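Visitor: here is a sequence together with a model predicted from it:
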Amino acid sequence: MPLHPNSLYYGDNLEVLRNRDDFPNDSIDLIYLDPPFNSKRNYNVLYSTPSGHDSDSQITAFEDSWHWGEQAEREYLELVRQPNTDLSELIQALRRFLKETDMMAYLVMMANRLLELHRVLKPTGSLYLHCDPTASHYLKIVLDGVFGKENFRNEVIWERFGSHNDPKRFGRVTDTILFYTKSETYKFHSIRGEYSQEHLTKRFRYTDPDGRKFWPNTMLAPGGRGPRYEWHGHTRNWRFTRENMEALDAKGEIYYSAKGMPYRKNYLDELAGQLIQNLWTDIKVTKSGSERLGYPTQKPLALLERIISASSNPGDVVLDPFCGCGTAVHAAQKLNRKWIGIDITHLAISLIEKRMKDAFLGITFEVHGVPKDFEGAEDLARRDKYQFQWWACSLVNAQPYQGKRKGSDTGIDGLIFPLEDPDEAPKKIIVSVKGGEHVGSAMIRDLKGVVEREKAIIGLFVTLSEPTKDMLKEASSAGFHEVGSMQYPKIQILTIKGLLEGRERPEYFDQHIIKGSGGFKKAKKEESSLKISKLPFRSVDGESIAAEDES
């Protein structure tokens, strides 16, 4: 079976990647992963109301913490018994050192997934793992075990912020990006950036009579390997033959110091830009602006564009197995690459669907792993109540309600903010989702109470089970919400089956309905002339040498 480019996959990326029909060996050109950092924090997603203000609603996107337990033990045994004996011995040594700690659970989780990523990567492919000092030193050792230490290329240090207030320690302003390849033969394109003003002032201090700025670069051969001859009283090993030296001199492209030492004029207007090194200080995290979508660990688009441009060609396939809010797949589409994203939450998949449709008008793509029929919805409800609630909210274009800490129940699973009058504040619609087999009229009475308490205009009761006659009677007794001459039921019962089949939909008035908005912030439309590849939609060089001091 061929690879399915331009696709999103919902599910545990280990299970998704192990499906060899979808992910055959040697099929991916570039992998970028930004996994949870094991920082032991909960990350929330903020939403915005139609008026553009942040909503007081937020939801936990993921819990960035790992614990040793049955799953970690099972995956550890898989690692010990798999064919890569170097990694097997390494992971056992790490366990002897770290014991059954949270860090060891995290590394076991990562090692198993890195093995699968190594399998699907082409021999010419590259992998960039984005991490922070919490576990970067351990992850580098694990990557050495998976890819081979000889295939380590760079440790990129990215300065995320200019400053950070960290009590009782130096401010943490950097992340680490570990760059590995699968073999010695890999794609890499040097990236050049703008010269800083400090660099321009310091380096390009000289000007020709015609106004062209230049800096004097040494003409001495590195390591003394060039042809040796006398030039203007200096006998040296030069970078140029005598004939080329004479040609440069005739064109006025040699600068002579006070002592007569020749230097090649490197003109500013002829240089492509400063080569990007492994310290990246020119891209910062933006906390506001059109690029920010409210996702907690969102990375700048420019960061992913740099990585993708450096290690892939147009038409190549880019994979992000922890795709979060989809910055990597966004950058890949923008740069005319094919892409695949995997995430374990419906929240992330919904956000990426909206982001890509907002940014790339007319784009279509495949989404795998989300319920496409009633049986799939039943299965999700059994396996994970909260993922089911998030998915069901997406069916009615609602944003999931705040935190939803397990064990708490406010009677609200989702919110919609319709704009009935441009001169007034948005209204509020309450969404209640029930995935159990037993529903009754008491639940409808509860929803009526929540709607009244929250001063909402409408309550939507989304249910996996068919409603009873008593439930329908209780809902109709709530009356109507009126907008001008139009009337909308105050309490509306919607079934998952009806929503999936397109027979049912919420009824309310909204001047700015955007299908699939889900309350997420709108991504900026990309003004790109690049060709957008479409698939059937199922559910959705050389480095300059510095001038030497004269002696």
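Guide: The structure has been received and is ready for your questions.

Visitor: make it CA atoms for all contacts and neighbour counts henceforth
Guide: OK.

Visitor: which residues does the longest helix along the chain contact?
Guide: Using DSSP state H to define each element, the chain has its longest helix at helix 102-120. Residues external to helix 102-120 that are found in contact with it (C-alpha atoms under 8 Å, 6 or more residues apart in numbering): 13-14, 17-18, 23-28, 31, 38, 65-69, 72, 75-76, 78-79, 91, 94-95, 98, 135, 138-139, 142-143, 146-147, 182.

Visitor: cutoff 6 Å now
Guide: Residues lying outside helix 102-120 but in contact with it, judged by C-alpha atoms under 6 Å, 6 or more residues apart in numbering, are 14, 25-28, 66-68, 72, 76.

Visitor: buried stuff in the helix or strand where Leu499 lies?
Guide: Under the assignment given by DSSP states H and E, the secondary-structure element containing Leu499 is helix 496-501. Of the residues in helix 496-501, those buried by neighbour count under the rule 16 or more other C-alpha atoms under 10 Å are 496-497, 499-500.

Visitor: go through those residues and name the one nearest Tyr195.
Guide: The shortest distance between Tyr195 and any of those, using C-alpha to C-alpha, involves Leu500 and amounts to 54.2 Å.

Visitor: ok, that closest one to Lys372 distance?
Guide: In this view, Leu500 and Lys372 are 7 Å apart by C-alpha to C-alpha, to the nearest Å.

Visitor: follow-up on the earlier one: and the contacts of helix 102-120, which of them are buried?
Guide: 14, 25-28, 66, 68, 72, 76.

Visitor: take the residues you listed and keep only those in helices.
Guide: When helices are assigned by DSSP H, the members of the buried ones among the contacts of helix 102-120 inside them are 14, 72, 76.

Visitor: turn these into a markdown table, columns for distance to Arg203 and pLDDT.
Guide: Conversion of those to a markdown table gives the following (distance: C-alpha to C-alpha, whole Å; pLDDT from 0 to 100):
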| residue | distance to Arg203 | pLDDT |
| --- | --- | --- |
| Leu14 | 50 | 93 |
| Ala72 | 54 | 89 |
| Tyr76 | 54 | 95 |
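
Visitor: now, which of these sits nearest Glu291?
Guide: Nearest to Glu291 among those, with distances taken as C-alpha to C-alpha, is Leu14, at 29.8 Å.

Visitor: in this protein, what spans have low per-residue confidence?
Guide: Scanning the chain for pLDDT under 70 picks out 1, 37-65, 286-290, 292-296, 402-409, 512-521, 527-551.

Visitor: residue closest to the middle of it?
Guide: Here the mean C-alpha position of the chain is nearest to the C-alpha of Thr327 (C-alpha atoms, centre = their mean), at a distance of 3.8 Å.

Visitor: how about the nearest residue to it, chain neighbours excluded?
Guide: Counting by C-alpha to C-alpha, 6 or more residues apart in numbering, Leu301 is the residue found nearest to Thr327 once chain neighbours are left out, at 6.0 Å.

Visitor: now His438: closest residue in space that isn't a chain neighbour?
Guide: Taking C-alpha to C-alpha, 6+ apart, and ignoring the residues beside it in sequence, His438 has Ser465 as its nearest neighbour in space, at 7.3 Å.

Visitor: what separates that neighbour from Arg337, distance-wise?
Guide: As defined by C-alpha to C-alpha, Ser465 lies at a distance of 43 Å from Arg337.

Visitor: and for Tyr267?
Guide: 35 Å.

Visitor: those two: who's more crowded?
Guide: Arg337 (26 against 17; other C-alpha atoms under 10 Å).

Visitor: break this structure down into its domains, please.
Guide: Each structural domain of the chain that the record assigns through automatic domain parsing is listed here as a residue range: 7-191+276-368, 197-274, 374-501.

Visitor: of all these, which one is nearest Lys524?
Guide: Among the domains of the chain, domain 7-191+276-368 comes nearest to Lys524, with 5.5 Å by C-alpha to C-alpha.

Visitor: tell me how many other residues crowd Gly260.
Guide: So Gly260, with other C-alpha under 10 Å, has 12 neighbours.

Visitor: list the contacts of it.
Guide: With contact set as C-alpha under 6 Å, 6+ apart, Gly260 has no partners.

Visitor: from Leu248, how far off is it?
Guide: Here the distance between Gly260 and Leu248 works out to 16 Å (C-alpha to C-alpha).

Visitor: can you check Glu424 too?
Guide: 72 Å.

Visitor: repeat that for Glu452.
Guide: For Glu452, the distance to Leu248 (C-alpha to C-alpha) stands at 85 Å.

Visitor: neighbours around the residue nearest to Thr327, how many?
Guide: Using other C-alpha under 10 Å, Leu301 has 20 neighbouring residues.

Visitor: also Thr174?
Guide: Neighbour count of Thr174, defined by other C-alpha under 10 Å: 21.

Visitor: tell me the bridge partners for it.
Guide: Listed beta-bridge partners, Thr174: Glu159 (assigned using DSSP bridges).

Visitor: so it touches Val156, yeah?
Guide: No. Checked against C-alpha atoms under 6 Å, the pair Thr174 and Val156 is beyond contact range at 9.9 Å.

Visitor: for the residue lying farthest from the centre of the chain, which non-adjacent residue is spatially closest?
Guide: Going by C-alpha atoms, centre = their mean, the residue of the chain most distant from its centre is Gly233, 59.1 Å out. The shortest distance from Gly233 to any residue other than its chain neighbours is 7.6 Å, reached at Gly260 (C-alpha to C-alpha, 6+ apart).
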